[in-house]
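Participant: kindly generate the corresponding structure for this input.
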Amino acid sequence: MQWSLILLFLMAQCCFMDCQLYQFHYINENKNWTEAQQYCREKHTDLVPVTNMKDMERLNNISAGHWSGAWIGLHDPTVGIRRQYWSLPGVEFNDNETNWYTGGSNVCGKRENCGLLVNTSKRGYVSCSIKRYFLCYNDTNTTHKYHLIKELKSWQQAQSYCRENHTDLISGMNQLQDKELEKVTKFTHRKPFIGLFRDTWRWSDGSSFSFRYWSLQFDNYQPNSGQCAVTLPEEKGRWQNQDCGVQKPFICYDDKVILIKENKTWEDALTYCRDHHHDLVTITNMDDQRWIQEKVKEASTDYVWMGLRFTYTLDFWFWVSDEVVSYKNWALDGKMDDCDMSGAMETKGDHLWKKVTTFL
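Facilitator: Coordinates of the predicted model:
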């Protein structure tokens, strides 16, 4: 997805800031999914993608009072071509890091699309509808990060339980290889669900977000069950697949760029963006970089704040939007990662990223 932004001048504090302007629009006109997609692309950006629970809250707020359901940007344009994802938003799947139980990813089992932990070093796939124990992750409690839930639930029900009571199903190799997880699973012979899944669904705008929020009655493998997704207010916004030819309202989204000339620190810039727009800007690929660097050329200071921050205690950089820091464009300035550092983009030259002390 091409993120939108606002550039804010920060002269006394060294850097400008880039804010992300991201708006949802409920279109109360009945169209089939393809017509809705065309409308959104002509008048806005595209049919809406949903990246996390924060987006779900916005989706529910904008569709409140409308009870017929509305098209979103998720559809199933493929036949059997599945991608693999982690349930926790922002965790990227890398097939090279996954150690499969049988030496493969169960490609023959068309209904086996939900991940389980075979043992501390092996993963596999089973049917999503079979009820099993499952593992939740909690990012707000450092004492007990992982929880083995000894209740029998389908994968979809397990995911819902973890999101309501913890953070999500455990996701990503960092969590699976954590010694703390080994302690939690040491005394069970069960093979619990983890946050690994695969499906054939794609977002209309081409973004690769793994977030899914299906109805608990959703069956992805029921023949001819529909290849386009709607959000259902009567199910707290959960999604259902329906026939793409049905006429329904729909939800579009907008990306826009606005230049704002105000002086802010990085912390104040983050607050301003979230209060007045969406968030500080995120850059996940070269297309985002090229698009944003054209805008920062209009700035009169040396740098522009981005939504990139360093956590000293955990020793890594992260985007405040929860996106993974996969694409990088750092300048070779030799500056070490330290406390109170944030990322900024040069407004001239090659528009490289700089590590800047947040409080000057």
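Participant: can you confirm residue 183 is in a strand?
Facilitator: No. Using DSSP: H, G, I helix; E, B strand; the rest coil, the secondary structure at residue 183 is helix, not a strand.
Participant: count the residues that sit near it.
Facilitator: Burial measure for residue 183: 10 neighbouring residues, criterion other Cβ atoms under 10 Å. Bear in mind the C-beta positions are built from the backbone N, C-alpha and C, glycine included.
Participant: need the pLDDT of it.
Facilitator: Reading off the confidence values, residue 183 has pLDDT 86.
Participant: tell me the SS of residue 294?
Facilitator: Secondary structure assignment for residue 294 (three-state DSSP): helix.
Participant: and it, how far from residue 206?
Facilitator: 20 Å (Cβ to Cβ, to the nearest Å).
Participant: tell me the mean pLDDT for stretch 285-299?
Facilitator: For stretch 285-299, the per-residue pLDDT values average out at 78.
Participant: pull out the buried residues from that stretch.
Facilitator: Residues of stretch 285-299 classed as buried under the neighbour-count rule (16 or more other Cβ atoms under 10 Å) are 288-289, 291-293, 295-296, 299.
Participant: so residue 46 touches residue 252, yeah?
Facilitator: Yes. A contact is recorded between residue 46 and residue 252 when judged using Cβ atoms under 8 Å, the distance being 7.0 Å.
Participant: when these two are compared, which one has more neighbours?
Facilitator: Of the pair residue 46 and residue 252, residue 252 is the one with more neighbours under other Cβ under 10 Å, namely 24 against 20.
Participant: wait, a strand at that one?
Facilitator: Yes. Secondary structure of residue 252, determined by three-state DSSP: located in a strand.
Participant: from residue 296, how far out is residue 244?
Facilitator: Between residue 244 and residue 296 the distance is 40 Å, computed by Cβ to Cβ.
Participant: first vs last residue of stretch 297-310, how far apart are they?
Facilitator: Between the start and the finish of stretch 297-310 there is a gap of 25 Å, counting by Cα to Cα, to the nearest Å.
Participant: what's the weakest-modelled helix or strand in this structure?
Facilitator: In the chain, the helix or strand scored least confidently by mean pLDDT, DSSP states H and E is strand 5-8, which has a mean of 42.
Participant: where are the low-confidence patches of the stretch 101-250 of the chain?
Facilitator: Applying pLDDT under 70 to the predicted model, the residue ranges of the stretch 101-250 of the chain that meet it are 101-111, 120-121, 141-142, 219-225.
Participant: quick one on the thing from earlier: overlap in contacts of residue 46 and residue 252?
Facilitator: Applying Cβ atoms under 8 Å, 6 or more residues apart in numbering, one finds that residue 46 and residue 252 are jointly contacted by residue 40.
Participant: now the buried residues of stretch 285-299 as TSV including distance to residue 150?
Facilitator: Shown next, in TSV, are those (distance: Cβ to Cβ, whole Å):
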residue	distance to residue 150
288	43
289	46
291	48
292	47
293	52
295	52
296	52
299	55
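Participant: out of the residues you listed, which comes closest to residue 326?
Facilitator: When the buried residues of stretch 285-299 are compared for distance to residue 326 (Cβ to Cβ), residue 288 wins out at 11.2 Å.
Participant: how close does the closest one get to residue 210?
Facilitator: Shown here: residue 288 relative to residue 210, a distance of 18 Å by Cβ to Cβ.
Participant: now residue 298
Facilitator: If you go by Cβ to Cβ, the gap between residue 298 and residue 210 works out to 34 Å.
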